[in-house]
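Asker: mind folding the following:
(one chain, ligands or ions: 2)
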Amino acid sequence: MCGTCGCGSGENGISIQNPLEVKVHQRDHSHGHDHHHHGEGHSHSHDHAHDHHHKTVLEVEQDILQHNEVMAARNRGYFDAKNIFALNLVSSPGSGKTALLERTLTNLKDEISFSVIEGDQQTMNDADRIAAIKIPVIQINTGKGCHLESDMVYEAVKKLDIQDNSVLMIENVGNLVCPSMFNLGESKRVVIISTTEGVDKPLKYPDMFHTSDICIINKIDLLPYLNIDIEQLKDYALKVNPKLQFFEVSATTGEGMEAWYNWLRENNKS
Ligand SMILES: Nc1nc2c(ncn2[C@@H]2O[C@H](COP(=O)(O)OP(=O)(O)O)[C@@H](O)[C@H]2O)c(=O)[nH]1
Ligand SMILES: [Mg+2]
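Answerer: Ligands and ions are numbered 1, 2, ... in the order given. I've put the predicted structure just below:
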């Protein structure tokens, strides 16, 4: 896993920034360059069984995961103390995490206090989209890293000054593999899968579906054009995690969003 791809080494050029402050500091000059070699969906095809340094790699992985758990517990304590309902949104790139957030925040911001942490390898694009609807947001750029870790969230939370009794949305790096291993101290994990991704993804990427509490099936507006059996997708997901709760939505048209909003209202204990 990530110990071998180098994203846990702590030397990946991680940056944690407020888009409003970055604008003030002429972000285009200092951060405008694009690193096209960093694809968002990091693939892990190394064959670990043939790695001569297998034992060392495993030890490094355990260290990284243990450190992550300690910091996740610290986050959870902070969230509990302030009655913050924290959601970790995970999915493959492009399933609609940011679109779902944009619509949700726009429609509920008058009744629920939100703050957002955005995770991507590069760019402030998603933080800019959230800042445009006047919601406090911090962008974490993970550099080579393919997931958020709890200490990154801890640093971002310090910059956010989150209100008591509010909802914190954490949009993880688009990747159906590695984020499943990294607890951020969230209250609930929400996996988003869009109708274009195929019914078998829960079977192919079981850890993500196994560790999630909620599964949002997005882009249902595209169903008339696709050959996908949603019930089959749900059956596969339930095989991996019988407790999974589903919402079927379109972040574009708003269809099905009310049930998701009601769930958020019930869980925001303010
Ligand atoms: N048709 C349709 N497109 C969507 C929907 N949600 C998101 N998209 C599109 O999917 C693309 C990726 O969305 P984005 O929110 O950036 O995905 P993210 O990478 O998971 O944050 C964009 O072009 C969105 O407009 C939806 O419900 N229906
Ligand atoms: Mg996004």
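
Asker: every contact and neighbour count from this point should use C-alpha atoms.
Answerer: Noted.

Asker: Three-state assignment for Ile117, please.
Answerer: strand (DSSP: H, G, I helix; E, B strand; the rest coil).

Asker: that one contacts Val137, correct?
Answerer: Yes: with contact defined as C-alpha atoms under 8 Å, Ile117 reaches Val137; the gap is 5.6 Å.

Asker: any common contacting residues for these two?
Answerer: Ala127 (C-alpha atoms under 8 Å, 6 or more residues apart in numbering).

Asker: so who does Glu171 touch?
Answerer: Glu171 neighbours (C-alpha under 8 Å, 6+ apart): 88-90, 97-98, 116-119.

Asker: swap in 7 Å and give it another go.
Answerer: Residues counted as contacts of Glu171 (C-alpha atoms under 7 Å, 6 or more residues apart in numbering) are 88-90, 97, 117-119.

Asker: which of these come close to ligand 1?
Answerer: Filtering these for proximity to ligand 1 (criterion: C-alpha under 6 Å from any ligand atom) leaves Lys97.

Asker: could I get the contacts of Glu171 as TSV with pLDDT?
Answerer: Shown next, in TSV, are these (pLDDT from 0 to 100):
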residue	pLDDT
Asn88	98
Leu89	98
Val90	98
Lys97	98
Ile117	98
Glu118	98
Gly119	97
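
Asker: would you turn the contacts of Glu171 into a markdown table with neighbour count?
Answerer: As requested, the contacts of Glu171 are exported to a markdown table (neighbours: other C-alpha atoms under 10 Å):
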| residue | neighbour count |
| --- | --- |
| Asn88 | 22 |
| Leu89 | 27 |
| Val90 | 28 |
| Lys97 | 27 |
| Ile117 | 26 |
| Glu118 | 27 |
| Gly119 | 28 |
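
Asker: please name the nearest non-neighbouring residue to the residue nearest the centre of the chain.
Answerer: The residue lying closest to the centre of the chain (C-alpha atoms, centre = their mean) is Asn172, at 2.2 Å. Spatial nearest neighbour of Asn172, chain neighbours left out: Gly119 (4.9 Å); criterion: C-alpha to C-alpha, 6 or more residues apart in numbering.

Asker: and what of Gly256?
Answerer: Val249 (4.4 Å).

Asker: got a list of what that neighbour touches?
Answerer: 217-220, 255-257.

Asker: among the residues you listed, who's most crowded?
Answerer: Neighbour counts for these peak at Asn218, which has 26 neighbours (criterion: other C-alpha atoms under 10 Å).

Asker: for ligand 1, see how far away it is.
Answerer: Distance, Asn218 to ligand 1, using C-alpha to the nearest ligand atom, to the nearest Å: 5 Å.

Asker: what is that residue paired to in the beta sheet?
Answerer: Beta-bridge partners for Asn218, by DSSP bridges, are Ser194.

Asker: now do the contacts for it.
Answerer: 96, 192-195, 248-251.

Asker: quick check, nearest of the contacts of Val249 to Asp161?
Answerer: Met257 (28.1 Å; C-alpha to C-alpha).

Asker: quick one: contacts for Leu238?
Answerer: Leu244.

Asker: confirm that it sits in a helix.
Answerer: Yes: checked against three-state DSSP, Leu238 lies within a helix.

Asker: that one and ligand 1: what is the separation?
Answerer: For Leu238, the distance to ligand 1 - C-alpha to the nearest ligand atom - is 22 Å.

Asker: Glu69 too?
Answerer: 25 Å.

Asker: host element of that residue?
Answerer: helix 54-81 (DSSP states H and E).

Asker: for that helix, buried residues please.
Answerer: 57, 60-61, 64-65, 68-76, 79-80 (16 or more other C-alpha atoms under 10 Å).

Asker: after that helix, next one along is what?
Answerer: Reading on from helix 54-81 to the C-terminus, the next helix or strand found by DSSP H and E is strand 85-90.
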